[in-house]
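>>> All I have is the shape, not the residue letters:
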Ligand code: CO
């Protein structure tokens, strides 16, 4: 696939968004960004910034959601790595053609108008990998 533009964000699974936001903002010093509920993905997202780099806190909307099941199985912590790409659908096609296991056949809507797709950790050396097309900044 074409070289990614960079790391779009790193995502952490958390049980309590307010507590996690307070820790990363007040203790670690990250800058607080927007918060958004993504019903389709079963998460509430809090964006934080370390300089230009985004850190995404994910709180599950319920236990029977992907992040809810992740928290149940693995506890809070690193959830996925997101690469910024020019063409999410194209990158997804090339990666799946190369044998990577996609969680969606086509990109789906992500936060703030982005297009996103996920690749299963079993095909990426244990890392849930997200591809993001679009800036992800609030309009
Ligand atoms: Co993400």
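Ah, there it is. Here the structure is a predicted model, which is why all the values come from computation and not from measurement. Numbering: from 1, shown residues only.
>>> Give me the neighbour count for the nearest residue to residue 124 once chain neighbours are set aside.
The spatial neighbour of residue 124 that comes closest, neighbours along the chain excluded (C-beta to C-beta, 6 or more residues apart in numbering), is residue 100 at 6.5 Å. Any C-beta I mention is one placed from the backbone N, CA and C, and that applies to glycine too. Per other C-beta atoms under 10 Å, the neighbour tally for residue 100 reads 16.
>>> Next, work out how far apart residue 100 and the ion are.
In this view, residue 100 and the ion are 17 Å apart by C-beta to the ion, to the nearest Å.
>>> Relative to residue 92, how far out is that residue?
9 Å (C-beta to C-beta, to the nearest Å).
>>> What separation do you get for the closest residue to residue 133 other than its chain neighbours and the ion?
For residue 133, ignoring the flanking residues on the chain, the nearest one in space by C-beta to C-beta, 6+ apart is residue 88 at 3.7 Å. Going from residue 88 to the ion by C-beta to the ion gives 12 Å.
>>> Residue 88 is in contact with residue 108, isn't it?
No - using C-beta atoms under 8 Å, residue 88 is not in contact with residue 108; the gap is 9.4 Å.
>>> Looking at those two, which is more packed in?
Neighbours per residue (other C-beta under 10 Å) separate residue 88 from residue 108, with residue 88 holding more: 23 against 16.
>>> From residue 131, how far out is the more buried one?
Residue 88 is 5 Å from residue 131, by C-beta to C-beta.
>>> Look up the residues that both of the two are in contact with.
Listed as contacting both residue 88 and residue 131 by C-beta atoms under 8 Å, 6 or more residues apart in numbering are 107, 116-117.
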